[in-house]
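**Student:** Here is my input, please return the structure:
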Amino acid sequence: YNHHHILAAMSLLVVLQFTSLAFSSAASISSGPPDDHTLAARQFYGETMEMYHSENYTGLFDVVFDKVNHFFPGYMTHKQVMLARSRFVNSVKTEEDILNFELSNATQKHIREEFKKRKALLTDEAIQFLEESDQYMLRKVARISKIFEDFHAVVDAQSPSVKSSLIANFPIFGKLDEVFALVKEFENILIHSLLVCRSLPGFSYCEKLFKNDDLKAIGSL
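**Tutor:** A predicted model of the protein is given here:
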């Protein structure tokens, strides 16, 4: 994972743009009873949607940052987190578009430096795997969940020493089940939103969705 993957975790907030369509995501497309990670993912999205709907942007940032920090702990100092929170709240209030939020250049630089420090602690085999991981994560597929599902299998197939080194320095590698559940539920919400939007021409949130090729690709049916 490079710094782009870390920052991309924040982009899951795009789902909040469809607060008005939340009813459409009540049921998952997947069959069978949900597991604990799926239930936790649904609870996370429900909580963040409610905060966005009630304009509790400070609380929203805190909940999302806690989730990101759960996967990528210690990449930002307390001061950087506070500045990012202020920047986020101001961005949403003034621009009314959650997708326009970006971390400051200084914070992004700090994250890249933290990543390099942790990468240097990996075994040679783990470094090689990490450097080759982009070939899995940057593939063009119809469903983004397929990327994470395949990548999960690739990680599981690594030797115990490689997996141990990765997890010790990048905890997200030990939490891929949680990541997959978040991605899958996000995908389900987006697909439901696309279905509803087909019947709501002129609705501003839908217009934004249909203008974004990446989002349409994620939710393609």
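
**Student:** Now Lys184: which helix or strand?
**Tutor:** helix 176-197 (DSSP states H and E).

**Student:** in the protein, which spans are helices?
**Tutor:** 3-10, 36-53, 57-71, 78-95, 105-119, 124-132, 134-137, 144-156, 160-169, 176-197, 204-211, 213-218 (DSSP state H).

**Student:** mind listing what's buried in the fourth one?
**Tutor:** To tie it back to what came earlier, the one meant is helix 78-95. Gln80, Val81, Leu83, Ala84, Arg85, Arg87, Phe88, Val89, Ser91, Val92 (16 or more other Cβ atoms under 10 Å). C-beta coordinates here come from the backbone N, C-alpha and C atoms, glycine included.

**Student:** wouldn't the last one be in contact with Thr58 here?
**Tutor:** No - counting by Cβ atoms under 8 Å, Thr58 is not a contact partner of Val92; they are 10.1 Å apart.

**Student:** Just give me the neighbour total for Leu176.
**Tutor:** Residues lying near Leu176 (other Cβ atoms under 10 Å) number 19.

**Student:** contacting residues for it?
**Tutor:** Counting by Cβ atoms under 8 Å, 6 or more residues apart in numbering, Leu176 touches Phe148, Phe151, His152, Val155.

**Student:** Show me which of those is closest to Val162.
**Tutor:** Closest approach to Val162 among the contacts of Leu176 (Cβ to Cβ): Val155, at 8.8 Å.

**Student:** Correct me if wrong: the closest one contacts Leu166.
**Tutor:** Yes - with contact defined as Cβ under 8 Å, Val155 reaches Leu166; the gap is 7.4 Å.

**Student:** what do the two both touch?
**Tutor:** With contacts taken as Cβ under 8 Å, 6+ apart, Val155 and Leu166 have Phe173 as neighbours in common.

**Student:** Just want the angle from the helix holding Lys184 to helix 36-53.
**Tutor:** Per axes from the mean of the first three to the mean of the last three Cα atoms, to 10 degrees, the angle that helix 176-197 makes with helix 36-53 is 50 degrees.

**Student:** gap between helix 176-197 and the chain center?
**Tutor:** Centroid displacement of helix 176-197 relative to its chain, using Cα atoms, centre = their mean, to the nearest Å, is 11 Å.
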